[in-house]
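> requesting a structural model of the entry that follows:
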Amino acid sequence: MSAARAAPRPAGAAPRHFLDLRDLDPATLRRILELGRACKRGEGPARPFAGRTLALIFERPSTRTRVSFELAMRQLGGETIVLTGQEMQLGRGETIADTARVLSRYVDAVMLRTDRAAKLHELAGAASIPVINGLSDLSHPCQILADVMTFEEHRGPIAGQRVAWLGDGNNVARSLIEAAVRFGFPLTLACPARFAPDPLLLDWAAGEGGAVRVVADPAEAARGARLLVTDTWVSMQDEPTEERLGLLAPYQVNAALLREAAADALFMHCLPAHRGEEVTDEVMDGPHSVVFDEAENRLHAQKGVLVWALGAAG
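Numbering: from 1, shown residues only. Got it, this is the predicted structure:
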């Protein structure tokens, strides 16, 4: 980050996409986190992205993703254009590949928050600029980078620290599994069998040497953990049926479950939280909760992603 302005990547150079944590090696992910921390400390040039533009495409509603990416780019000196699927020709039959080629002529990077991961990968495959995963139905890597940053601010290096996931094995859980492998921490997920993570992902984690396991008992997962993580039981593509809520009810993070964890355990939730469902007020507002530090760190972690993807750090 020594240049006054981030220079475009050389012609013909492959764009640095940020799609899933598993796509990047541990050293690269650690580098992105360090860049985010440097931005948070106010180090480096004040406006490295002057004259650069980030397109933000939202096919799903957003609060934290939109605000944090807009502020990240603007605080780094760049501009943003916000688009929705309804506003774009993409929603009227234009191919994703054609959209990618056009946007590559206009802007310097694209963040997509989408209902289908296949769209994200098709966009990246045709784009000549970086594509960033702001969330898909299968993963949420920016959120988990912020989680790792937050844990390490409070408790030091996450490598070797026991982490527990409680509830639905959803897109956030998937990225947490990938993080466990790449950052080297043991992860236990407690999920109902119906909402367990994809077995193929668990096979990948095992093949990479990850210490990832799935159990049915939430107390077993929480026992001795230094970090408890959960998410809403009803993702945007899910129906809030009584059956679904009933199956997940035993996985609520409450005071009794927190007592199973380490005495200095942290609690995280990517928000929005449905208080009284996946987590109680007592935990959300209690001394173990760092959910608002976690939310703030979306801004800083995503600055790290942008600096890395746009080549402002070499």
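> other SSEs contacting the longest helix that the chain contains?
Assignment by DSSP state H gives helix 291-309 as the longest helix of the chain. Here helix 291-309 touches helix 26-40, helix 64-75, strand 131-135, helix 141-155, strand 266-269, going by 3 or more Cβ pairs under 8 Å, 6 or more residues apart in numbering; DSSP states H and E. In this view, the C-beta of every residue, glycine as well, is placed from N, C-alpha and C.
> run the angle between that helix and helix 26-40 for me.
Comparing the axes of helix 291-309 and helix 26-40 via axes from the mean of the first three to the mean of the last three Cα atoms, to 10 degrees yields an angle of 110 degrees.
> so for helix 291-309, mean pLDDT?
Taken as a whole, helix 291-309 has a mean pLDDT of 98.
> for it, buried residues please.
For helix 291-309, a neighbour-count test (16 or more other Cβ atoms under 10 Å) marks 291, 293-309 as buried.
> likewise stretch 193-202?
By neighbour count on 16+ other Cβ under 10 Å, the buried set for stretch 193-202 is 195-197, 201-202.
> tell me how far the longest helix of the chain lies from the chain's centre.
Relative to the centre of its chain, helix 291-309 is centred 9 Å away, using Cα atoms, centre = their mean, to the nearest Å.
> closest to L56 out of the buried residues of stretch 193-202?
Of all the buried residues of stretch 193-202, the one with the least separation from L56 (Cβ to Cβ) is L201, at 27.5 Å.
> what is the helix or strand hosting that closest one packed up against?
Assigned by DSSP states H and E, L201 falls within helix 199-207. Helix 199-207 sits against helix 171-183, strand 212-215, with contacts defined as 3+ Cβ pairs under 8 Å, 6+ apart.
> list the contacts of it.
Helix 199-207 is contacted by residues 22, 174, 177-178, 180-181, 212, 214 when judged by Cβ atoms under 8 Å, 6 or more residues apart in numbering.
> now that helix - C-alpha only, PDB.
Provided in PDB are the C-alpha atoms of helix 199-207 (Å, rounded to 0.1, in the frame of the first residue of the first chain):
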ATOM      1  CA  PRO A 199     -21.200 -34.400   3.200                       C
ATOM      2  CA  LEU A 200     -19.000 -33.500   0.200                       C
ATOM      3  CA  LEU A 201     -17.800 -30.400   2.000                       C
ATOM      4  CA  LEU A 202     -17.000 -32.500   5.100                       C
ATOM      5  CA  ASP A 203     -15.100 -35.000   2.900                       C
ATOM      6  CA  TRP A 204     -13.100 -32.000   1.500                       C
ATOM      7  CA  ALA A 205     -12.300 -30.800   5.000                       C
ATOM      8  CA  ALA A 206     -11.100 -34.300   6.000                       C
ATOM      9  CA  GLY A 207      -9.000 -34.600   2.900                       C
END
